[in-house]
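A.B. asks: sequence first, then the predicted structure, then my questions.
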Amino acid sequence: MSAETFPNDAWLDAECRRLIEFGRHVVHPLGGAAWLDDRGTPDLARPVHTWITSRMVHVHGLGALLGVEGAAEVAEGTLAGLRTTLRDDEHGGWFEAVGRDGVATSAVKSCYAHAFVMLAGSTGVVAGVPGAEDVLADATRVFERHFWDEDRGRVVDEWDRGWSEPAPYRGLNSTMHSLEAMLAVGDVTGDPVWHQRAARLAGLVVDLAGAHDGRLPEHFGPDWSVDLELNRDRPDDPFKPYGATVGHGLEWSRLLLHLEATLGGAAPAGLLETSRLLFERAVADGWHVDGSPGFVYTTDWSGRPVVRARMHWVAAEAIAAAAALHRRTGEEGYAQCHGSWWAYAAEHLLDLEQGSWHHELDPDNRPHASVWPGKPDLYHAVQATLLPRLPLTPSLASAVAVSDALRSPA
């Protein structure tokens, strides 16, 4: 970034550490990560979720690598939930969530959650978290057996608890986080098959982006036929919203560049071009399109806003994508976007009184909670403070581990 572009590295470092500090009380009495309220206090009435637990292992594992006091202990405490309470000892794999009585709240085994367990395990291994090697080995075995479809080069989205029948739904969200996890697992294990699988997933996105003018379909049938109408009656669904999800276009834009950098000369064709297309479409459809700054959550297939709430994670992914494209291309326009969106986040999203970021704002940028009550997620915001300061490869934990500049407070 140019020296004039906000923010500088010292500001990013301070914000990263402020965010990690917010989650210092996240360890649930059952093990795993509690749902945090607006002040960072565990809401023990809510279930313990595998995806939140895994993200908190990842975040506090990064904190441990950065030398944040107490982060290693939090990473170990949250990882303990993946080794015990959240793991299905009878059938293998992980429950989506367990209630405060320790009983699973759902019989579904989801690719989305299991991808994050792989990410947690890989970060934990890099950070030296006790038990992480076993979690990673277990998670990769389960993923290969049940979620990876070798014939199609794609992932299966959901199974029943006993792995007897896959659900008919296929989704791009679980695909995206599977690719993210595969990059990390490949870096940590040294097994190139994970990067090769990630490349096959990316090929689907390259094709979809070209066919749909940069607006990615999210929902598919069992044969991967596109379903553009799913959840039209529930457009603000937190995991399967109707229409194009602006933040996912930005997230995919960044991940394609990480994959390209990882594979080098063996990378599939079209990754940079697709990254640019996804970024430009998301910005054109999503940023400041309804009279107020901020990114809308979703649009229809012509680009009209559907859900106009501002989600914190979308801004975080916009920041990270702009930084990645600037690092890849050197083009100043991306640096300007990066600085502008950080300025937006600083003005509207950072909660300097209670901590962390407001997770959701209404269309006028006032704190709101129709989709995301509380502040259970540090993953996107923490990554937004780190990714602009690191190369595109290796993946985040591996990059932090070899960065002398990041391991000491600025």
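C.D. replies: Alright, I've got the coordinates.

A.B. asks: what about the strands in the stretch 301-410 of the chain?
C.D. replies: Secondary structure of the stretch 301-410 of the chain, counting by DSSP state E, counting those that start in this stretch: strands at 305-307, 310-311, 360-361.

A.B. asks: show me how far the second one is from its chain's centre.
C.D. replies: With CA atoms, centre = their mean, to the nearest Å as the basis, the distance from the averaged C-alpha position of strand 310-311 to the chain average is 15 Å.

A.B. asks: what does the longest one give?
C.D. replies: Relative to its parent chain, strand 305-307 has a centroid offset of 22 Å by CA atoms, centre = their mean.

A.B. asks: contacts for it next, please.
C.D. replies: 235-236, 241-243, 285-286, 289-290, 296-300 (CB atoms under 8 Å, 6 or more residues apart in numbering). Yep, even glycine has a C-beta here, placed from its N, CA and C like the rest.

A.B. asks: closest one to Arg24 out of these, please.
C.D. replies: Tyr297 (29.4 Å; CB to CB).

A.B. asks: which ones are touching that closest one?
C.D. replies: 236, 241, 245-247, 306-311, 314, 371.

A.B. asks: next, count neighbours for Arg141.
C.D. replies: 12 (other CB atoms under 10 Å).

A.B. asks: show me just the buried residues among the contacts of strand 305-307.
C.D. replies: Using 16 or more other CB atoms under 10 Å as the burial test, the contacts of strand 305-307 include 236, 241-243, 285-286, 289, 296-300 as buried.

A.B. asks: surely Gly243 meets Pro235?
C.D. replies: Yes - between Gly243 and Pro235 there is a contact under CB atoms under 8 Å: 6.7 Å.

A.B. asks: helices or strands up against the helix or strand where Ala261 lies?
C.D. replies: Secondary structure assigned from DSSP states H and E places Ala261 in helix 246-263. Counting contacts by 3 or more CB pairs under 8 Å, 6 or more residues apart in numbering; DSSP states H and E, helix 246-263 packs against helix 172-189, helix 193-211, helix 271-286, helix 312-329.

A.B. asks: let's have the ones you listed in TSV, adding mean pLDDT and distance to Val68.
C.D. replies: Formatted as TSV, the helices and strands packed on helix 246-263 follow (pLDDT from 0 to 100; distance: least, CB to CB, whole Å):
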stretch	mean pLDDT	distance to Val68
helix 172-189	98	20
helix 193-211	98	28
helix 271-286	98	31
helix 312-329	98	19
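
A.B. asks: mind checking the ones you listed for the one nearest to Leu396?
C.D. replies: helix 172-189 (7.3 Å).

A.B. asks: show me what the closest one is packed up against.
C.D. replies: By 3+ CB pairs under 8 Å, 6+ apart, helix 172-189 packs against helix 111-127, helix 132-142, strand 154-155, helix 193-211, helix 246-263, helix 396-401.

A.B. asks: common neighbours of Gly243 and Pro235, please.
C.D. replies: Counting by CB under 8 Å, 6+ apart, the contacts common to Gly243 and Pro235 are 298, 306.

A.B. asks: what's near enough to touch Thr299?
C.D. replies: Contacts of Thr299 (CB under 8 Å, 6+ apart): 215, 243-244, 246, 285-286, 305-306.

A.B. asks: should've said Val402
C.D. replies: Val402 neighbours (CB under 8 Å, 6+ apart): none.

A.B. asks: so what's the residue count around Ala321?
C.D. replies: 31.

A.B. asks: show me the contacts for it.
C.D. replies: Counting by CB under 8 Å, 6+ apart, the residues that Ala321 touches are 250-251, 253-254, 275, 279.

A.B. asks: also Ser110?
C.D. replies: Counted by CB under 8 Å, 6+ apart, Ser110 has contacts 96, 157-158, 174.

A.B. asks: out of these, which are inside strands?
C.D. replies: Glu158 (DSSP state E).

A.B. asks: and the closest residue to Leu277 other than its chain neighbours, what does it touch?
C.D. replies: Leaving out its chain neighbours, the residue that sits closest to Leu277 by CB to CB, 6 or more residues apart in numbering is Gly214, at 4.5 Å. Going by CB under 8 Å, 6+ apart, Gly214 touches 249, 277-278, 280-282.

A.B. asks: related to what we said a few turns ago, go through the helices and strands packed on helix 246-263 and name the closest to Leu36.
C.D. replies: helix 312-329 (13.5 Å).

A.B. asks: return the list of helices and strands in contact with the strand or helix carrying His58.
C.D. replies: In this structure, His58 sits in helix 50-66 according to DSSP H and E. Packed against helix 50-66 by the contact rule (3+ CB pairs under 8 Å, 6+ apart) you find helix 9-22, helix 71-83, helix 111-127, helix 379-386, helix 396-401, helix 404-407.

A.B. asks: residues of that helix that come out buried?
C.D. replies: For helix 50-66, by 16+ other CB under 10 Å, it's 50-66.

A.B. asks: just the CA trace of it, in CSV.
C.D. replies: Provided in CSV are the C-alpha atoms of helix 50-66 (Å, rounded to 0.1, in the frame of the first residue of the first chain):
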residue,chain,number,x,y,z
THR,A,50,-18.6,-26.4,15.8
TRP,A,51,-18.0,-23.7,13.2
ILE,A,52,-17.7,-20.9,15.8
THR,A,53,-15.5,-23.1,18.0
SER,A,54,-13.2,-23.9,15.0
ARG,A,55,-13.0,-20.2,14.0
MET,A,56,-12.0,-19.3,17.6
VAL,A,57,-9.3,-22.0,17.6
HIS,A,58,-8.0,-20.4,14.4
VAL,A,59,-8.2,-16.9,15.8
HIS,A,60,-6.6,-17.6,19.1
GLY,A,61,-4.0,-19.9,17.4
LEU,A,62,-3.1,-16.9,15.3
GLY,A,63,-3.0,-14.9,18.5
ALA,A,64,-0.6,-17.4,20.0
LEU,A,65,1.7,-17.1,17.0
LEU,A,66,1.5,-13.3,17.4
